[in-house]
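Engineer: Pasting the sequence and the predicted coordinates here, then a few questions.
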Amino acid sequence: MLNRVTTPQNLDERFRDAVSALRPPDSSRAPGDPVRDGSTLTGTRARELFDAQLTARHLDLAARWLRSFNEGFHTVGSAGHEGNAAVAAALRGDDPALLHQRSAAFYCVRAVQRPDDVGGDPVRRLEEAARDVLRGVVASVRDPITGGRDKVFGNSELHLVPAVSTPAAHLPRAVGLARALTPAGAGVWPGDAIVTASFGDAGSARPAAAAALHAAGWYDRSGGPLPLLLVCEDNGPDSADPDSWTATALRGRPGLRYSFADGCDLAAAFDAAAGAAEYVRRERRPALLHLSTIHLLAQPGEPDAGPDPGRDPLIGTARLLVESGILGPDEVITRYDEVGWQVRKAAEEVLGEPKLASIGEIVASLAPRRPLRVAHAVAEAGDRAAGPAAAARREIFGGSLPEQAGPMTLAQTVNATLTDALAARPGLLLLGPGLVHGGPHGVTTGLRERGGDRVFDSLPDATTILGLALGAGLAGRLPVAELDGLADLHDAGAQLRGEAAMMSFLSAAAYRNPMVLRVPALAQPFGLGGHTANDNSVAALRDIPGLVVAVPSRPDDAAPMLRSCLAAADLDGSVCVFLEPVALYQTRDLYQQGDSEWLAPYLAPDAWAGGHVPIGRARVYGLGTAQDLTIVTYGNGVRMSLRVAAQLAAEGYGSRVVDLRWLNPLPTADLVREATATGRVLIVDETRRSGGVGEGVLAALVDGAFVGSARRVAAADVPVPLGPAAQQVLVGEDAITQGAHALLAR
């Protein structure tokens, strides 16, 4: 395999030899004429695109040169994929595009298309494009998309959205963005824009690609507009075969107009791309363009196209230009060398640019937090709802305001808060499987009638749901999505971990993912529904940088916490996961049947500011003297711990129960303060002992210099079984009581 890997030197030599062997025609075509019969690509346009292709090729060579002396940190290049210049040329400069990692030529064409700056000179714009890409290679803070954090193809000024996660993981987002485009436009994009997303043949086998292709076809069949062009750049060993496995798999997708072209032939690729783009723009329906490409300059161990110069896109375009008489062989080589010199010069220039030099700089774009602005936004929303918007609010509630309805359950409170959000935020969207009919637990009952088409059902696939939400957020909407449960979230972890949490970080906050994801979570009584319905692991959430994870346990916390999440998503682009304990949705009583102490009245808007719950702040309950024991818990554990604390108080022991409320960020200051007050800490953690929340609490106590006694009560390291056996696995009041007495005996 190694003897088939193309090196920069032999790639350069093969190009020169192949071009030198070309012979001009007896008669030349005019620059404004098609470069060959049957094509719509003119000679002038082909020459412009060739410059972009040359720039892309020399960027790959420059990256290898920089790496040779440890000044370049990314060498995954675009050699063999330069045909995507034709795709860029078939689009408008204001069409949003989500690009995969081999898109240098596309980037260069889009840079030339921009309507402003650098004097309008295409040569200067290509030079600046090369400089931008190389800044990513050397991790310069002047990289226009990531600010030195990584090398991806993106630029908000060029309407290029970076693909920041695993291969093809950006495709569900592209479906969501296309769905969010309306005749009135979406954010900075005009109403007739189309969304383009490119991916490789390897990505076509990923779950995210399957979900996106399925969703695109489903939405097309449902009759709604979906202006989406998906481009598969296939560099597999049989990519030139129009009946290859990849072609067969893609061609059979229902609801997508399929077309195939040789991506190494600039004219063929341009004609196919122009036809596909025109169809999508005119019909507002999805299409899939399958381009055959090759893989040159492979990494060690990767397959390489080998020594077939006839498949090199640069040689193919050179042949097109020479055989049409637009350029002579010597002119092609001269231009190749000129562009190479310009790119090498740009590489030398970016070497001295500064790099990220501190943790503060690195995390600046990860998840900005502005708690004072969030608190102010909540207060302003309350003032509007109580004042100028009072009539509209009363109308959306059907004349019966929730604050006048008496004490509510957790489920009722979430429903009322979402209704208030629909009334206050025209850009709010509610989506999820079966949402129109109340969702899996009836929490969203009646919201369709209150929010109209802003409340809609989605396919039940979690990847698709998150992709729709991420695309809508990119388009300037505020999505509130719902999943069936935690098990579904684990299925779509790549969307949350990679696409959602990384976008702001890897776009230097140029793009955001405002989103609130509601998840009915944690275990239900008696193991109802088995282990998938009772998933009690949140480890996959807690280690995602920047993610907000909220767990309201009581109605009077649920409303202000949800309002905080909505405001943070709107103002700061936060990604918030709102875990709603299923077992507490309809709970009414606390200490004894009929006491209704788990219910709470819904606050009127003029009280929202006073009841505001900042992200990362705990709630503390004191029972008895509150001097003997601190119980730290959340979710279902709060109710159980309060019941145990009441028993301890009857025995003469005073306890304070700390409801964390936020699992990320943990309320560390509150936690350490309340632990230090008693010197004894019992951690009641309903997630599993290994990888559970309790581990994070213990670490926070150690970091906070807590020197007292600590003990954990946690669920067993096993999935929750069906039926009564679940009680052997989950935390119960007896285990909490035993843990408390063990600590109190010290």
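Structural biologist: Cool, got the structure. Numbers count the residues shown, from 1 in each chain.
Engineer: For the protein, give me the ranges with low pLDDT.
Structural biologist: Regions of the chain meeting the criterion pLDDT under 70 cover residues 1-5, 115-120, 184-187, 298-310, 525-527, 529.
Engineer: Neighbouring strands of the lengthiest strand in it in the sheet, and parallel or not?
Structural biologist: Using DSSP state E, we find that the single longest strand of the chain is strand 680-688. Here strand 680-688 has these sheet partners by DSSP bridges: strand 629-633 (parallel), strand 709-715 (parallel).
Engineer: from the chain's centre, how far out does it sit?
Structural biologist: Centroid displacement of strand 680-688 relative to its chain, using Cα atoms, centre = their mean, to the nearest Å, is 32 Å.
Engineer: Now do the helix or strand that it is followed by and strand 709-715, the angle between them.
Structural biologist: Sequence-wise, the next helix or strand downstream of strand 680-688 (DSSP states H and E) is helix 693-703. Going by axes from the mean of the first three to the mean of the last three Cα atoms, to 10 degrees, helix 693-703 is angled at 170 degrees with respect to strand 709-715.
Engineer: Can you give me the neighbour number for residue 360?
Structural biologist: 8 (other Cβ atoms under 10 Å). The way it works is simple: take the backbone N, C-alpha and C, and place the C-beta from them, glycine included.
Engineer: For it, give its distance to residue 333.
Structural biologist: 49 Å (Cβ to Cβ, to the nearest Å).
Engineer: Check residue 355 too.
Structural biologist: Residue 355 is 36 Å from residue 333, by Cβ to Cβ.
Engineer: who has more neighbours, the two?
Structural biologist: Per other Cβ under 10 Å, whichever of residue 355 and residue 333 has more neighbours is residue 333, with 16 against 13.
Engineer: Show the contacting residues for residue 577.
Structural biologist: 489, 496, 517, 519, 541, 547-550 (Cβ atoms under 8 Å, 6 or more residues apart in numbering).
Engineer: oh, I was asking about residue 484
Structural biologist: 433, 440, 460, 520.
Engineer: Then residue 731?
Structural biologist: Residues in contact with residue 731 (Cβ under 8 Å, 6+ apart) are 636-637, 640, 684-686, 713-715.
Engineer: Switch those over to TSV; also include neighbour count and distance to residue 503.
Structural biologist: Below are these laid out as TSV (neighbours: other Cβ atoms under 10 Å; distance: Cβ to Cβ, whole Å):
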residue	neighbour count	distance to residue 503
636	25	33
637	29	33
640	23	38
684	30	35
685	25	31
686	26	31
713	26	38
714	23	33
715	23	33
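Engineer: And the next helix or strand past the longest helix along the chain?
Structural biologist: In the chain, with assignment by DSSP state H, the single longest helix is helix 43-67. Counting by DSSP H and E, the next helix or strand C-terminal to helix 43-67 is helix 84-90.
Engineer: packing partners for that following helix?
Structural biologist: Counting contacts by 3 or more Cβ pairs under 8 Å, 6 or more residues apart in numbering; DSSP states H and E, helix 84-90 packs against helix 43-67, helix 104-113, strand 195-200, strand 228-234, helix 266-283, strand 287-292.
Engineer: ok so, going back, tell me which of the contacts of residue 731 is nearest to residue 668?
Structural biologist: When these are ranked by distance to residue 668 (Cβ to Cβ), residue 685 comes first, at 16.1 Å.
Engineer: Excluding chain neighbours, what is closest to the closest one?
Structural biologist: residue 694 (3.7 Å; Cβ to Cβ, 6 or more residues apart in numbering).
Engineer: For the longest strand of the chain, output the C-alpha coordinates as PDB.
Structural biologist: Once non-C-alpha atoms are left out, strand 680-688 reads as follows in PDB (Å, rounded to 0.1, in the frame of the first residue of the first chain):
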ATOM      1  CA  ARG A 680     -21.000  15.500  57.300                       C
ATOM      2  CA  VAL A 681     -22.200  15.000  53.700                       C
ATOM      3  CA  LEU A 682     -24.400  12.300  52.400                       C
ATOM      4  CA  ILE A 683     -24.600  12.200  48.600                       C
ATOM      5  CA  VAL A 684     -27.800  10.700  47.300                       C
ATOM      6  CA  ASP A 685     -27.200   9.900  43.600                       C
ATOM      7  CA  GLU A 686     -29.900   8.100  41.600                       C
ATOM      8  CA  THR A 687     -27.500   7.600  38.700                       C
ATOM      9  CA  ARG A 688     -25.100   4.700  38.700                       C
END
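Engineer: coming back round to it: with respect to burial, which of the strands paired with strand 680-688 scores highest?
Structural biologist: Highest mean neighbour count among the strands paired with strand 680-688 (mean count of other Cβ atoms under 10 Å): strand 629-633, with a mean of 28.
Engineer: How about residues contacting that strand?
Structural biologist: Taking Cβ under 8 Å, 6+ apart as the rule, strand 629-633 contacts 640-641, 644-645, 648, 653-660, 671, 674-675, 677-678, 680-686, 697, 736, 740, 743-744.
Engineer: starting at the chain centroid, how far to the following helix or strand past that strand?
Structural biologist: Scanning forward in sequence from strand 629-633 by DSSP H and E, the next helix or strand is helix 636-650. Centroid separation for helix 636-650 versus its chain: 40 Å, with Cα atoms, centre = their mean.
Engineer: Against which helices or strands is helix 636-650 packed?
Structural biologist: Checking 3+ Cβ pairs under 8 Å, 6+ apart, helix 636-650 ends up next to strand 619-623, strand 629-633, strand 655-659, strand 680-688, helix 733-744.
Engineer: between the ones you listed, which one is nearest to residue 378?
Structural biologist: Nearest of the helices and strands packed on helix 636-650 (Cβ to Cβ): strand 619-623, 16.9 Å.
Engineer: List of residues touching that closest one?
Structural biologist: Counting by Cβ under 8 Å, 6+ apart, 557, 613, 642, 645-646, 648-649, 654-659, 661, 670, 674 sit against strand 619-623.
Engineer: can you give me the strands in the stretch 251-400 of the chain?
Structural biologist: Taking DSSP state E, counting those that start in this stretch to define them, one finds strands in the stretch 251-400 of the chain at 257-262, 287-292.
Engineer: now, of the ones you listed, which is deepest in the fold?
Structural biologist: Across the strands of the stretch 251-400 of the chain, averaging neighbours per residue (mean count of other Cβ under 10 Å) puts strand 287-292 on top, at a mean of 26.
Engineer: so what strands line up beside that strand?
Structural biologist: Sheet pairing of strand 287-292 (DSSP bridges) gives strand 228-234 (parallel), strand 257-262 (parallel).
Engineer: Make TSV out of the ones you listed and add distance to residue 586.
Structural biologist: What follows is the strands paired with strand 287-292, written out as TSV (distance: least, Cβ to Cβ, whole Å):
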stretch	distance to residue 586
strand 228-234	41
strand 257-262	48
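Engineer: Roughly how far does residue 619 sit from residue 137?
Structural biologist: Taking Cβ to Cβ, one finds residue 619 at 49 Å from residue 137.
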